[in-house]
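Enquirer: this one's sequence-less:
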């Protein structure tokens, strides 16, 4: 307001340009003078003149406003810039899968965006520490974070052919209490039962016998292949195991577990353009991949 008054050398004209009343503008200039304990303007009729202190203050005001404009332009540039560095947090199997199916094409489309893939355990994914975006199978603890569900995928019960030959083939999830189960140590308490859904629309929970635990899907698959027990694994991870014959599905795909997959980020406001673009492309990638994946449907 002071700068506008000095530009027009008229409180009346400045008030008109600023779209406020002349008395209101006069009061604001008086408040500024009282705060500084100096006289900035001499008023004579409808015109004003700068005092020596007013001249000095105008120089400072020019510097302050120039710095403000520079910072505003810089911040706006950062928000709208498609260049830059993005840290993407993932559980290890998802990092492997995206590396095989998404990252290369994305990097070719956006050569000015530098991606850092950081693998985390499910327990570590309850916070956003060190990440700009996470692809997470668990909800974060911080309710201020945004968790956008991109898919509800299915986990199937499987074991190695040798395990089935030695221990028999269960006919229902209730039979798993008689089998060794590879449980998820990322849950808040020791797993003693597994919830399940069926293709007929039934759902329930069955007691299990834990044999060994891990917080890694890859490790669970390896243990199952080694004959250590029955594992519950995402359908998107199983095709190559089934094709190689290293794992078999136990219930002819009639029983499965549901698990949600989320994109987790801090805020929709003031988000950099390259991060917005990555979120949009990941959403589309998962939509296409899961619609084409017979097991995960």
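Expert: Received, thanks. Everything numeric here is computed off the predicted structure, so don't read it as measured data.

Enquirer: What segments of the stretch 1-150 of the chain are strands?
Expert: With DSSP state E, counting those that start in this stretch as the criterion, the stretch 1-150 of the chain has strands at 41-44, 47-50, 84-90, 113-119, 133-136, 146-159.

Enquirer: now for the fourth one, which elements pack on it?
Expert: Pointing back at strand 113-119 there. Here strand 113-119 touches strand 84-90, helix 92-101, helix 103-109, helix 273-292, going by 3 or more CB pairs under 8 Å, 6 or more residues apart in numbering; DSSP states H and E. C-beta here means a position set from N, CA and C on the backbone, and glycine is covered the same way.

Enquirer: and the first one, which residues are buried?
Expert: Buried residues in strand 84-90, counting neighbours by 16 or more other CB atoms under 10 Å, are found at 86, 88, 89, 90.

Enquirer: Test my guess that the third one contacts residue 126.
Expert: No. Judged on CB atoms under 8 Å, residue 89 makes no contact with residue 126 at a distance of 11.2 Å.

Enquirer: List the contacts of residue 17.
Expert: 4, 8 (CB atoms under 8 Å, 6 or more residues apart in numbering).

Enquirer: now with 7 Å?
Expert: Counting by CB atoms under 7 Å, 6 or more residues apart in numbering, residue 17 makes contact with residue 4.

Enquirer: returning to what we had before: report the two of the buried residues of strand 84-90 separated the most.
Expert: 86 and 90 (12.3 Å; CB to CB).

Enquirer: so where's the protein shaky on pLDDT?
Expert: Where the chain drops to pLDDT under 70, the residues are 69-83, 186-190, 268-270, 290-297.

Enquirer: hmm, try it at 50
Expert: For the chain, the stretches with pLDDT under 50 are 79, 188, 294-297.

Enquirer: so where do the helices sit in the stretch 151-297 of the chain?
Expert: Assigned by DSSP state H, counting those that start in this stretch, the stretch 151-297 of the chain shows helices spanning 161-167, 217-225, 239-244, 273-292.

Enquirer: Pick the most deeply packed of these.
Expert: Mean neighbour count (mean count of other CB atoms under 10 Å) peaks for helix 217-225 among those, with a mean of 20.

Enquirer: that older thread, nearest to residue 118, out of the buried residues of strand 84-90: which one, please.
Expert: Nearest to residue 118 among the buried residues of strand 84-90, with distances taken as CB to CB, is residue 89, at 5.0 Å.
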